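Engineer: Sequence first, predicted model second:
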Amino acid sequence: MMAIITFWSYALLALLFAGLTALELRLRFRQPRHARLLLAFAMTAVWAWVRAINIDNNLVQFCESGRNLLWLGVLLSLLKAQGSEAAHRGINWVYGAAAIVLGFQLIGDFLSLFADDR
């Protein structure tokens, strides 16, 4: 029973984010900030679907790392859109450190896709 609930929860999430991706693509795909949001929506839909069908745990982790990195980019673009670069200098270091960690995690997850699990 729990497996069915888990599947349909992630499948519904994938469907909703695919719908958001289609809506973003149709209505507001004009600026780079919207392109990042579009990619984050699409990657979240892919991650949710892969998680729903649970193809491979390594693939789920890889998709999750990519999704997290894209959402970090969306948050950074929202911060940059508010202006006042001097006021955000400290937070830029935090975003940079998080991006480095997520980048290394993405590389590690990518390499684990091809690892021999015997």
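Structural biologist: Noted; the coordinates are in hand. Not measured: the values here are computed from a predicted model.

Engineer: center of the protein - which residue?
Structural biologist: By Cα atoms, centre = their mean, the chain has its centre lying nearest to residue 67, at 1.5 Å.

Engineer: Show me the contact partners of the host helix or strand of that residue.
Structural biologist: In this structure, residue 67 sits in helix 57-81 according to DSSP states H and E. For helix 57-81, the external contacting residues (Cβ atoms under 8 Å, 6 or more residues apart in numbering) are 32-33, 36-37, 39-40, 43-44, 46-47, 50-51, 54, 88, 91, 95, 98-99, 102-103, 105-106, 109-110, 112-113, 115. Every residue, glycine included, has its C-beta placed from N, CA and C.

Engineer: again, only this time at 7 Å
Structural biologist: The contact list for helix 57-81, computed with Cβ atoms under 7 Å, 6 or more residues apart in numbering, reads 33, 36-37, 39-40, 43-44, 46-47, 50-51, 88, 91, 95, 98-99, 102-103, 105-106, 109-110, 112-113.

Engineer: Equivalent analysis for stretch 109-118, please.
Structural biologist: Residues contacting stretch 109-118 (Cβ under 7 Å, 6+ apart): 58, 59, 61, 62, 65.

Engineer: mind checking how far it is from the chain centre?
Structural biologist: Taking Cα atoms, centre = their mean, to the nearest Å, one finds the center of stretch 109-118 at 21 Å from the center of the full chain.

Engineer: Number the residues from 8 up from this point.
Structural biologist: All set: I'll call the first residue 8, so the last point we hit is now stretch 116-125.

Engineer: In CSV, could you pull the C-alpha coordinates for it?
Structural biologist: Taking Å, rounded to 0.1, in the frame of the first residue of the first chain, the C-alpha atoms of stretch 116-125 are listed here in CSV:
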residue,chain,number,x,y,z
ASP,A,116,26.5,10.9,-8.8
PHE,A,117,27.3,10.9,-12.5
LEU,A,118,30.3,8.7,-11.9
SER,A,119,28.3,6.4,-9.7
LEU,A,120,26.0,5.8,-12.7
PHE,A,121,28.8,3.9,-14.4
ALA,A,122,30.2,2.2,-11.3
ASP,A,123,30.2,-1.6,-11.1
ASP,A,124,28.0,-2.5,-8.1
ARG,A,125,29.1,-6.1,-7.8
